[in-house]
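In: sequence? don't have it. structure:
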């Protein structure tokens, strides 16, 4: 009778440990991104009307530089000098788009750039410069394109973007990817609007995201990845190997002393 009671207690202990294993596991289905939930199949093209490049707005800072193979022109625009092309240098040498949407560069007339892409702005400024110089190439870069990634990512922080556009998936990749207990189906995008701030909940597990207007990020966007509600009850770094070893030893001792 005593041996039967001991056996029952030991069985309950093993079942309890197995239950702990089960509650500590996370379903891969909840972590897989871009699943065919709203749009079945992956063999079709996803059309996104927001795929166009960022449009320049009032208050943006533009880094502008004019290059030329002509020595005199190059010296005039000081492009023959060595430069430290870091973020601080670029910002200090940038030009702000005024309240009317114009940007002023050197001696040329102000150029309307509001609503233009970076490529279109380069063409507009180059056209203005070519009224005075030949054989010139204008380079423009958006300086204030930075985003923040916080929450359940491996490397949260603020990131300066050196391209004209970036998707939310690329941004999360820059932040080291999602953590084990991240809720991929509940990611909040905080974005400035004309009236203040817009907060949008995004589901990264749904392929419908590829057609969303929020798939491409804008300057000053903040992406927050929420944690799972069960995180506080689970063990992110539970010693599974150690537990398995203890159970193995316990079973061996029981078999010997039985």
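Out: Looks like it came in fine. What you are looking at is a predicted structure, and each value in this text was computed from that prediction instead of being measured.
In: Can you tell me how far residue 182 is from residue 124?
Out: 43 Å (CB to CB, to the nearest Å). All C-beta atoms are positioned from the backbone trio N, CA, C, and that covers glycine.
In: Who has more neighbours out of those two?
Out: The neighbour comparison of residue 182 against residue 124 (other CB atoms under 10 Å) goes to residue 182, with 24 against 17.
In: So what's the residue count around residue 60?
Out: By other CB under 10 Å, 22 other residues sit near residue 60.
In: what sits against it?
Out: Shown in contact with residue 60 (CB atoms under 8 Å, 6 or more residues apart in numbering): 96, 97, 142, 143, 144, 219.
In: Do you know the pLDDT at the last one?
Out: Same thing as residue 219. Residue 219 is assigned a pLDDT of 89 by the prediction.
In: Which element, helix or strand, includes residue 170?
Out: Assessed by DSSP states H and E, residue 170 sits inside helix 168-174.
In: ditto for residue 200
Out: Element membership for residue 200, per DSSP H and E: strand 196-202.
In: Could you pull out the buried residues of that strand?
Out: Under the neighbour-count criterion of 16 or more other CB atoms under 10 Å, strand 196-202 has residue 202 buried.
In: repeat for stretch 61-76
Out: Across stretch 61-76, burial judged by 16+ other CB under 10 Å covers 61, 62, 63, 64, 65, 66, 68, 73, 74, 76.
In: Identify the residue nearest the fifth one in space, chain neighbours excluded?
Out: Meaning residue 65. Among residues not flanking residue 65 along the chain, residue 139 sits closest, at 4.7 Å (CB to CB, 6 or more residues apart in numbering).
In: mind checking the SS state of that neighbour?
Out: Here residue 139 is recorded as strand under DSSP: H, G, I helix; E, B strand; the rest coil.
In: ok, now which ones touch it?
Out: Contacts for residue 139 were tallied using CB under 8 Å, 6+ apart; they are 63, 64, 65, 66, 67, 122.
In: how far away is it from residue 124?
Out: Counting by CB to CB, the separation of residue 139 from residue 124 is 13 Å.
In: ok, now residue 172?
Out: Computed with CB to CB, the distance linking residue 172 and residue 124 is 34 Å.
In: is it true that residue 129 touches residue 136?
Out: Yes: contact status for residue 129 versus residue 136: in contact at 5.3 Å, counting by CB atoms under 8 Å.
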